[in-house]
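J.: could you look at this predicted model? Sequence included:
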Amino acid sequence: MRARLGAAALCAVLLCGCSMQEVSDRIPVSAAALDSRGDGLLLTAQTITISGDDTAPETENQSIEAKSVEQGMDRCGQALFWTTAETAILDEGLAKNSRTEQIQALTEEPSIRPSVRLCVARDTEGRDILETEDRADGLATLLDNAVQEGRAVDMPLYQALDDQQTDGVDLALPALTVEQDRVRTAGTAVFHGETLCGYLEEDETAVLALLRGDTHRMVLYDTDGSRFVLTGVHTVFSVSDEGAALSLRGKLLDSSEEQTQRAARLCQTTCRDLMQTLQEWNSDALGLGRELLRTHPESFSTADWEARYPTIPVSITVSLTRTQGGSRE
């Protein structure tokens, strides 16, 4: 925890040109929440107090109502050191109605790092998430683990801005919620343009994270409870006027040939189900349109792609290599 906070403070010094003395006089922010309030917002900063003894850093939440992110940060005062923030949370109201505006505002604020992870608060407010998770590195650790394990997509602010501004790709943000007085990941908020289409649940999120390259590991469960662990997975997309092809390759831990074939079929079905959901929502969260724009720019137009995407044929092939042994992990 001290290593994480120390690295963040050092990064802050390098980015803003502050001296170490100036940093020590200010209060670092670990996370921020933006909740809708009428025609404005409620900005909550989770700050960290680091004492000189061996006790864990303490957190405190400070909330300010404002018309914009910039105004809210100004009202919080110069004492807060925003460069250390690692997580930014939008409530569902802002995600639905002014997501583009908030992403742009966060991006243009020089004291917010472009690597800060952007999330959506599902069925709760962002402020409630900060109040529930009061460990200084709690949210950052939660998201780190969730991304590594394929339970959340990885969406730093700079990537969210790029997806928001690029034709042929729709935004997908990790969702957080409060359940039984604990913060947990709650799937993925999926968008089409400015519209929040819905939420992918945990099993669908695992597939999306895998196909996007956010993780190279996934656990599959068959209907009989069998558990298959896929590792070293890589996906290749190919998109043309005729349709799209997804090719997935990876390894299956401790598997027999029969288990490998069974897992490959299950993985193919799971990927196909996800694609069907995304096409029904008209959300190109995988960025197939962006791939078409990259490889066949002469064939791409935004309006044409939006009309074609829900019905384009998508072929999915899965090739798994078995490891030695016949037991399942």
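T.: Structure's in. What do you need?
J.: low-confidence ranges in the stretch 1-150 of the chain?
T.: The model of the stretch 1-150 of the chain has pLDDT under 70 over residues 1-25, 51-54.
J.: go with 50
T.: Scanning the stretch 1-150 of the chain with the threshold set as pLDDT under 50 gives 1-23.
J.: which residues in the stretch 101-250 of the chain form helices?
T.: Remark: helices assigned in the stretch 101-250 of the chain by DSSP state H, counting those that start in this stretch are 126-132, 138-148, 157-165, 202-212.
J.: now the strands for this protein?
T.: Using DSSP state E, the strands of the chain run over 27-37, 40-49, 58-66, 80-81, 87-91, 117-121, 172-179, 182-192, 195-200, 218-221, 227-239, 244-252, 314-322.
J.: looking at those, which is closest to residue 159?
T.: Distance to residue 159, taken as CB to CB, is lowest for strand 117-121 among the strands of the chain, at 8.5 Å. For glycine as for every other residue, the C-beta is placed from the backbone atoms N, C-alpha and C.
J.: hmm, who's touching the closest one?
T.: When contacts are defined by CB atoms under 8 Å, 6 or more residues apart in numbering, strand 117-121 is touched by residues 33, 35, 86-92, 95, 103, 106, 128-129, 140, 143, 154-157, 160, 173-177, 189.
J.: try stretch 122-142
T.: Here stretch 122-142 makes contact (CB under 8 Å, 6+ apart) with 1, 4-5, 30-31, 33-35, 42, 44, 46, 48, 56-59, 61, 63, 86-87, 89-92, 117, 121, 175-178, 181-187, 189, 199.
J.: buried sites along that stretch?
T.: If you call a residue buried by 16 or more other CB atoms under 10 Å, then stretch 122-142 has these buried ones: 122, 124-133, 135-140, 142.
J.: filter the contacts of stretch 122-142 to the buried ones?
T.: Among the contacts of stretch 122-142, those classed as buried by 16+ other CB under 10 Å are 4-5, 30-31, 33-35, 42, 44, 46, 48, 57, 59, 86-87, 89-92, 117, 121, 175-178, 183-187, 189, 199.
J.: for residue 280, find the nearest of the strands of the chain.
T.: Residue 280 lies closest, by CB to CB, to one member of the strands of the chain: strand 195-200, at 8.9 Å.
J.: the closest one pairs with which strands, parallel or anti?
T.: Under the criterion DSSP bridges, strand 195-200 sits next to strand 182-192 (antiparallel) in its sheet.
J.: got TSV for the helices of the stretch 101-250 of the chain, with distance to residue 311 too?
T.: Converted to TSV, these look like this (distance: least, CB to CB, whole Å):
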stretch	distance to residue 311
helix 126-132	37
helix 138-148	32
helix 157-165	23
helix 202-212	20
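J.: and of those, who's closest to residue 254?
T.: Closest to residue 254 of the helices of the stretch 101-250 of the chain, according to CB to CB: helix 202-212, at 19.4 Å.
J.: so the closest one versus strand 244-252, what angle?
T.: 100 degrees (axes from the mean of the first three to the mean of the last three CA atoms, to 10 degrees).
J.: list the buried residues in helix 202-212.
T.: Buried residues in helix 202-212, counted by 16+ other CB under 10 Å: 203-212.
J.: next: stretch 277-297.
T.: Buried residues in stretch 277-297, defined by neighbour count with 16+ other CB under 10 Å: 277-279, 281, 283-293.
J.: pLDDT score for residue 256?
T.: As predicted, residue 256 sits at a pLDDT of 86.
J.: what about it, how many residues nearby?
T.: By the criterion of other CB atoms under 10 Å, residue 256 has 15 neighbours.
J.: wait, it touches residue 322, no?
T.: Yes. Here residue 256 reaches residue 322: they are 6.8 Å apart, a contact under CB atoms under 8 Å.
J.: tell me who's in contact with residue 182.
T.: So residue 182 contacts residue 132 (CB under 8 Å, 6+ apart).
J.: from residue 63, how far off is it?
T.: Distance of residue 182 to residue 63, computed by CB to CB, to the nearest Å: 21 Å.
J.: repeat that for residue 120.
T.: 19 Å.
J.: now residue 133
T.: Distance from residue 133 to residue 63, counting by CB to CB: 16 Å.
J.: on that earlier part again, quick check, nearest of the buried residues of helix 202-212 to residue 226?
T.: Comparing those against residue 226 with CB to CB places residue 203 closest, at 14.6 Å.
J.: so what's that closest one closest to, chain neighbours aside?
T.: The shortest distance from residue 203 to any non-neighbouring residue, by CB to CB, 6 or more residues apart in numbering, is to residue 270 (7.5 Å).
J.: neighbours around the one you found, how many?
T.: Around residue 270 there are 20 other residues, counting by other CB under 10 Å.
J.: what does the model give it for pLDDT?
T.: If you check residue 270, the pLDDT there is 94.
J.: how close does residue 177 get to residue 101?
T.: Residue 177 is 24 Å from residue 101, by CB to CB.
J.: ditto for residue 175
T.: Distance, residue 175 to residue 101, using CB to CB: 20 Å.
J.: how far does stretch 155-167 sit from the chain's center?
T.: Relative to its chain's centre, stretch 155-167 lies at 11 Å (CA atoms, centre = their mean, to the nearest Å).
J.: quick one: contacts of that stretch?
T.: With CB under 8 Å, 6+ apart, stretch 155-167 has contacts from 88, 99-100, 103-104, 106-107, 112-119, 169-174, 287, 289-290, 293, 300, 302, 305.
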